[in-house]
Each structure stands twice: as C-alpha cells, then as structure tokens.
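Engineer: What shape does this take:
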Amino acid sequence: MKRQSEAYIPVNEHNFLMCSYASSAEDRMPHLALISEPIDVDEPVLVRIHSECITGDLFGSKRCDCGQQLEHSLAMIGKQKGVLIYLRQEGRGIGIINKLKAYQLQDTGLNTADANLHLGLEVDARAYDIAIKILEELGIRKINLLTNSPAKIAAIEESEIVIHKRIPIEFEALPENAKYLETKKNLMGHFLSK
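Structural biologist: Residues are numbered from 1 along each chain as shown. Modelled structure (predicted):
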C-alpha cells in the first residue's frame, strides 16, 4: 500500500490535503488521509481514525453518531492541524449490504452486536494496521487520538506509535441512536460517560 494521489480540498472553512492510499492506482476504494497543514511531527499530532459509515457520514443517519464524529473531528483537526484517516471498512467491516441486513434485525429488537452475530458475522471486523501504516508514512510518531474505542487504542499500542492522550468524542444520545450507544458502551467497552 502506498500514496497514489493527492490534492487540496476545501471543507467548510478549512483546507485539507487529501491523499489516497492503495496497493494499486486502479483501486476504486482507496483509504484516505485528510491533512490539515502544517503538522508538527515533533509534537503529538491530533488524529482521528474514522471508519467509513455511508449512512451516517454521507446521508446524516441518526441511527449512529458516526456523521457527528466525522464533522466534529474535521472541525477540530482543521483548527488544530492534524490528520483524519478515513478507512474504507463500512459497517464495522461487514459492508453496506450486511449493514442494512443488520439494521433490519435491529428493527426487530436485536442490538447492533447481536444482529451481526445472527448474520454469522463478527461484532467488529475492523482492522487498524492500514491507519498505522499511513501515520508512519506521514512521519507521525506521537498522537493525540480522538476516539472512544478501546480497540483502536489497543491496535495503536501494539505499534511504534505513541498515544500521548485520548480525546473523547461524545454527543448527547438521540432517541434513534440511544440503544446503539448503550450497546457500544456496555458490550463493546467504548468510553462513553452518558
């Protein structure tokens, strides 16, 4: 995997260098890094590792808090200079087709974890090795990580990258996502205070 292309894109009031990462230039679903320059790699860099969520990120679905996390992270990174890594692992790695099937099961009363298991899938099939490679390619060795996820922290702690501090990214629950957030907190161990 390597950087295949890059260009500047304005997002709200900030300008980001968007870089695509893939094994081949023909890959139509590359991973992305949005860099708010200049980053100082001698200091901890503000980083968000965000897994694709087309329903929340693109369409603003209230079933999850992904779109809110993405928007908030881009605003923070734009102001403070840092990097948002956008990993193409939709639906905790199960893909959009299975995610919609899981949503149907959730509508019958299953929680997000049990719906995945009912479909014969992992509760969370995401991996963060590509994000670590992107950080290394950017020369980033210390980070302030925007996350509530213990799995992301564990993955990075197994690498050479040092987490200087974790920055929570939390919002008030909505009627549409309260059960989802409760499952993330109680079954997946996410660091949520509410």
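
Engineer: ok, now how distant is the residue nearest the centre of the chain from residue 85?
Structural biologist: Closest residue to the average C-alpha location of the chain: residue 50 at 1.4 Å, with CA atoms, centre = their mean. Residue 50 sits 7 Å away from residue 85, going by CB to CB, to the nearest Å. Placement of C-beta: from N, CA and C, glycine included.

Engineer: Residue 159 too?
Structural biologist: 13 Å.

Engineer: Could you check which of the two is surrounded by more residues?
Structural biologist: More crowded of residue 159 and residue 85, by other CB atoms under 10 Å: residue 85, with 24 against 16.

Engineer: What residues are bridge-paired with that one?
Structural biologist: residue 33, residue 49 (DSSP bridges).

Engineer: quick one, helices of this structure?
Structural biologist: 66-80, 90-93, 95-106, 112-118, 129-137, 150-157, 178-186 (DSSP state H).

Engineer: Of the ones you listed, flag the one that's most buried.
Structural biologist: Sort the helices of the chain by mean neighbour count, taking mean count of other CB atoms under 10 Å, and helix 90-93 sits at the top with a mean of 22.

Engineer: which strands and helices sit next to that helix?
Structural biologist: strand 45-51, helix 95-106 (3 or more CB pairs under 8 Å, 6 or more residues apart in numbering; DSSP states H and E).

Engineer: hang on, isn't residue 2 packed against residue 21?
Structural biologist: Yes - in this structure residue 2 lies within contact range of residue 21 using CB atoms under 8 Å: 6.8 Å.

Engineer: Have a look at those two and say which one is more surrounded.
Structural biologist: Taking other CB under 10 Å, residue 2 and residue 21 do not tie; residue 21 has more neighbours (24 against 11).

Engineer: Report the contact partners of that one.
Structural biologist: 1, 2, 3, 4, 30, 31, 32, 33, 130, 133, 134, 137 (CB atoms under 8 Å, 6 or more residues apart in numbering).

Engineer: Pipe the residues you listed into TSV and attach pLDDT and distance to residue 74 per row.
Structural biologist: Below are the contacts of residue 21 laid out as TSV (pLDDT from 0 to 100; distance: CB to CB, whole Å):
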residue	pLDDT	distance to residue 74
1	88	23
2	93	24
3	95	20
4	96	22
30	97	18
31	96	16
32	98	12
33	98	12
130	95	20
133	96	22
134	97	17
137	96	21
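
Engineer: Okay, now the unreliable bits of the chain?
Structural biologist: The model of the chain has pLDDT under 70 over residues 185-189, 191-192, 194.

Engineer: let's see 80
Structural biologist: Per-residue confidence for the chain (pLDDT under 80) gives these ranges: 177-194.

Engineer: quick one on the thing from earlier: of all the helices of the chain, which lies closest to residue 26?
Structural biologist: Judged by CB to CB, the one of those that comes nearest to residue 26 is helix 129-137, at 17.6 Å.
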